[in-house]
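Peer 1: Predicted model and sequence below, questions to follow.
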Amino acid sequence: MYCIRKSIDIDFAHHVRGHGGPCIHVHGHTWKFEVELQAMELDADGFVVDFKQLKTSVLQPCHQLLDHSLAVGGATWKDAEPALRALGAALLASRLARHGTIHTTDERVIQLAGAENRYPGGMKVAVFPFSPTSERLAKWLYDAATAALADGRVSVRLARVFETQRPVESVAEYWDADQLG
């Protein structure tokens, strides 16, 4: 069995709806998203999958969706969208005096595996169909990688989400027990 692994660091904040501890507050991390692919046989070029394909098909879209955003679940979005619109407008207004505009340079809407960017008041928010805990994000990453790259030869071995990397790693993993070799 051949296996490859590639990761990307992404800076974003999240909110864990209904949490009994401090994760109820909006807080950020430098996350690391990591995907492992496996295959019994290599392709004609000698790869499980070219690392560049893993990067461009899965990891870069994750980065584009999440980088410098606030990740929330759909229920939080529904409840908080008006307040986020006001907050985004207030935060981006600080740009006017220095730059003559309040518009962000990039308001592309990225849709990936059921998640989507929204821009209330110009602020970047990534809305997921679940409250974005590390464990749920690991499953989401696994599903996104499977949709993008799994075929009859290649399968996703596992997906890892590092919520914190230093000083001590906090890691969530997801794999399909039938796929793990």
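Peer 2: Cool, got the structure. Bear in mind that the values here come from a model prediction, so they are computed numbers and not experimental data. Residues are numbered from 1 along each chain as shown.

Peer 1: Now do the buried residues in stretch 89-109.
Peer 2: 92, 102 (16 or more other C-beta atoms under 10 Å). Yep, even glycine has a C-beta here, placed from its N, CA and C like the rest.

Peer 1: average pLDDT for that stretch?
Peer 2: Mean pLDDT, stretch 89-109: 84.

Peer 1: all helices for the protein, in order.
Peer 2: 51-54, 60-66, 74-99, 134-149 (DSSP state H).

Peer 1: can you pull the pLDDT of the residue minimising distance to the centre of the chain?
Peer 2: Compute the mean C-alpha point of the chain, and by C-alpha atoms, centre = their mean the closest residue is residue 62, 4.6 Å away. Per-residue pLDDT puts residue 62 at 98.

Peer 1: surely it meets residue 142?
Peer 2: No. Counting by C-beta atoms under 8 Å, residue 62 stays clear of residue 142, with 11.8 Å between them.

Peer 1: What residues does residue 116 make contact with?
Peer 2: 65, 109-110, 126-127 (C-beta atoms under 8 Å, 6 or more residues apart in numbering).

Peer 1: Point to the helix or strand of the chain where mean pLDDT is at its lowest.
Peer 2: helix 74-99 (a mean of 93; mean pLDDT, DSSP states H and E).

Peer 1: Quick one: list the elements packing against it.
Peer 2: strand 125-128 (3 or more C-beta pairs under 8 Å, 6 or more residues apart in numbering; DSSP states H and E).

Peer 1: And the contacts of the strand it packs on?
Peer 2: 12, 65-66, 69-74, 77, 84, 114-119, 132, 136-137, 140.

Peer 1: One more pass at 7 Å, please.
Peer 2: For strand 125-128, contacts defined as C-beta atoms under 7 Å, 6 or more residues apart in numbering pick out 65-66, 69-74, 77, 84, 115-118, 140.

Peer 1: One more: stretch 167-180?
Peer 2: Contacts of stretch 167-180 (C-beta under 7 Å, 6+ apart): 134-135, 138-139, 142, 155-164.

Peer 1: and these, which are buried?
Peer 2: 134, 138-139, 142, 155-163.

Peer 1: want to throw the helices of the chain into CSV with distance to residue 44?
Peer 2: Shown next, in CSV, are the helices of the chain (distance: least, C-beta to C-beta, whole Å):
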stretch, distance to residue 44
helix 51-54, 14
helix 60-66, 25
helix 74-99, 43
helix 134-149, 17
